[in-house]
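[1] Need a 3D model of the sequence below.
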Amino acid sequence: MGRIVYFDFAAFMILSILLFSLFFRRMTKGRLNTTYIALLLILLITTFADIMSTSRLIAVGDEALRNKYRIAISTIYFIFRVMAGPVYIIFIGHLTGTWYKIWKRGAFKILFIIPYIAVLGLLTYNWFSHTIFYFKPDGTYVRGPLINIIYVIGIYYMLIALGYLIQTHKYLNREKLFTMISIFPLTGVAMLVQFFRPTYLMEMFAYSITAMLINTIIIRPEETFDVISGARSYRAFTDDAQKYFRSDTPFDLILIRLKNSTALLSILGNENHQKLQREISILLKKPNKKFSRNTFHEVYYLYNGLHAVLVDGKNRDELIADESERIFDAMSQPLHFSHMDLDLDISVCTVKCPSDINNWDDLMDFANSFHYNVPDDRVIHLSEIAPEKQFQMKNNIDEIVSRGIVNHSFVMYYQPIFSVKDGKFTSAEALIRLFDEQNGMVSPGLFIPSAEKSGAIHQIGEFVVQDVCGFIARQDMNNLGLQYVEINLSAVQCMRNNIVAKIDAVLHEYHVDPTYVNFEITETASDFVHETVKTNVMAMHSHGLEFALDDYGTGYSNLQRMMDFPFKLIKLDKSFVDEWQDPKMRKVIQNTIRMLKDIGKEIVVEGVETEEEAKWFSEQKCDYIQGFYYAKPMPEEEFLQFLTKKNA
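    Below is the predicted model of the structure:
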């Protein structure tokens, strides 16, 4: 009886289109992408071999010769069919960021490799014994007594993959987990059909459907590459770096900041500036001959002239040194572009992770400000500046704050906040930054506690209110699409007796409607000298000012005390976002949101960094979303450009 190959033809078409789309979009870099491409190639070869093993498609020579062709092609089929299992396990490892950790286990290597070597041995032995399969003289396919061993080993790899997914499921959202698990019921049913009805070749069609789901839901070409620069996107960098941190996989980074990016934009215009970013990405991607197949090298464009080059694998210390010097030398020369010689003002710094920086938040804090602290004439490593700089700043923080007040070194940044209901950015949080002439950018986590202890927080607070009200007065808020700007008040400020009069005076000075201002106080501030804080908050509220409770979930969360204050907004702390994939914590978050909505509060989620997080919290009926997924904090000019573009 002839074998029915219609499902195989469909699978071959699906897999070919997926491969073509990846190469056409240049989605060939990155461990996850390369493993996915390897999986597609294996499935494609397996499907082709399955089709070619049918007697109708082999019409050369006599029947004996045709049977030899069939045996050879069927052997190729089994080799690659079983290979799909181990490669799928590797794909799970790279997707969850745990492959480096699990591959270090010697026992796992043995359990992973030995069964496949056994398959190769059995298939070699089958050429002489026909104990796995053979073809009758008329071309009929016949299973041998040992063929079940091949199926058992295939099932063995599927069970390992399933166990691996169960063990690492907390690193995947529901959509990704469902997609990865879908291979088991789909291929399981197809294998059963093909086992009992060998003429129906359905197994590869099931694999192709799973591959298509992976491409659509996990690989997502449109979201992992930056269209403008041609490098991988900020989201891809977020996913990759967090996977490395999660699995304790060592990696090195080169951070390259084009410091005059904004000036070049005004000179070149938007279109030519985008072409310049592509030119820089091409320069960064230029292959180093010392990179081996065991070395991973990827280029990312983050934002505002900031590129990152990530290197891991063997000899990365030597490679990162050579590559950073190559990049610095190339970008220090005038760049001939669009009939002009452009001078690129750059800073280049190398970072070893996790030895220098061991978490995502600290990495991004450093990436945002490293160019203030490194010399312009050479590449520098973080270890050369971090210990001394941090010690110096901590030891002299009071002096740095005082100098900042005298020299007017404080500046306001604005982080847009996305309204789920309106589908645009309707508010923003004003965030203070300190740029010290000697130390560069100083973290608010360093200078705010010092200012609260010394009392300088009152002067800083007055500057914030003045500067934000001045900003509001200069803008057409309705035209920008902004309903209000959020301003943080510390516990010390909330206790000041004359705070109401001072804020009223500033509002009148700039003729700012109180509805354009929303003050944030932290959960711990509302508990600190409760009655004094409450009196001041209620007085300001009576003057038309609204309030938000910031960092909800980090303090004692006394509901009665929370109800004592006229909070319109409740801002969920980033810790909720960090733990939303944990099943137990998800229940806590859902119940918290439901409770807050039931008592009439609007909810802002802070610290959202991925599309999955934004989608899940939107589905929970949160009102606003704030975080790097939508926008980072940015200076006033950049913030206005952002709103003009996004809210148009």
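[2] What's the first helix or strand after the helix or strand of the chain with the lowest mean pLDDT?
    Scoring the helices and strands of the chain by mean pLDDT, DSSP states H and E places helix 523-527 at the bottom, with a mean of 55. For helix 523-527, the following helix or strand on the C-terminal side (DSSP states H and E) is helix 530-542.
[3] could you say what helices and strands that next one packs with?
    Contacts defined by 3 or more CB pairs under 8 Å, 6 or more residues apart in numbering; DSSP states H and E place helix 530-542 against helix 491-494, helix 499-510, strand 517-522, helix 523-527, strand 546-552, helix 559-564. Heads up, the C-betas are built off the backbone N, CA and C, glycines and all.
[4] can you pull the buried residues of it?
    Going by neighbour count (16 or more other CB atoms under 10 Å), the buried part of helix 530-542 is 533-534, 536-537, 540-541.
[5] Over to stretch 615-634?
    Applying 16+ other CB under 10 Å to stretch 615-634 flags 615-618, 620, 622-634 as buried.
[6] So which of these are in strands?
    Using DSSP state E, the subset of these located in strands is 624-625, 634.
[7] Output those residues in a markdown table; the columns should cover distance to Gln274 and pLDDT.
    Below are these laid out as a markdown table (distance: CB to CB, whole Å; pLDDT from 0 to 100):
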| residue | distance to Gln274 | pLDDT |
| --- | --- | --- |
| Tyr624 | 31 | 95 |
| Ile625 | 27 | 95 |
| Met634 | 19 | 88 |
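[8] Show me which of the residues you listed is closest to Trp360.
    Nearest to Trp360 among these is Ile625, at 18.5 Å by CB to CB.
[9] Surely that closest one and Val608 touch.
    Yes: between Ile625 and Val608 there is a contact at 5.2 Å, judged by CB atoms under 8 Å.
[10] which neighbours do the two share?
    Shared contacts of Ile625 and Val608, defined by CB atoms under 8 Å, 6 or more residues apart in numbering, are found at 614, 617.
[11] Worst mean pLDDT among the helices and strands packed on helix 530-542?
    Sorting the helices and strands packed on helix 530-542 by mean pLDDT places helix 523-527 lowest, at a mean of 55.
[12] need the strands for the stretch 201-350 of the chain, in chain order.
    Ranges of strands in the stretch 201-350 of the chain, per DSSP state E, counting those that start in this stretch, are 251-258, 295-303, 306-313, 335-337, 340-342, 346-353.
[13] Pick the most buried one from these.
    strand 251-258 (a mean of 24; mean count of other CB atoms under 10 Å).
[14] Quick one: mean pLDDT for the lengthiest helix in the chain?
    Secondary structure of the chain read by DSSP state H shows that its longest helix is helix 63-96. For helix 63-96, mean pLDDT is 87.
[15] after that helix comes which helix or strand?
    Downstream of helix 63-96, the first helix or strand assigned by DSSP H and E is helix 99-103.
[16] Output the contacting helices and strands for the helix or strand that that next one is followed by.
    Elements were assigned by DSSP H and E; along the chain past helix 99-103, the next helix or strand is helix 106-129. Applying 3+ CB pairs under 8 Å, 6+ apart, we find helix 106-129 packed against helix 63-96, helix 147-168.
[17] Rebuild those helices as a markdown table, extending it with distance to Phe567.
    As requested, these are exported to a markdown table (distance: least, CB to CB, whole Å):
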| stretch | distance to Phe567 |
| --- | --- |
| helix 63-96 | 38 |
| helix 147-168 | 39 |
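[18] Val465 sits in which helix or strand?
    Assigned by DSSP H and E, Val465 belongs to helix 457-474.
[19] can you check Phe7 too?
    helix 6-24.
[20] what does the helix or strand following that helix contact?
    Downstream of helix 6-24, the next assigned helix or strand under DSSP H and E is helix 31-52. Residues from elsewhere that reach helix 31-52, judged by CB under 8 Å, 6+ apart: 5, 8-9, 11-12, 15-16, 18-19, 22, 27-28, 57-58, 73-74, 76-77, 80-81, 83-84, 87-88, 90-91, 94-95, 201, 204, 207-208, 211, 214-215, 219, 296.
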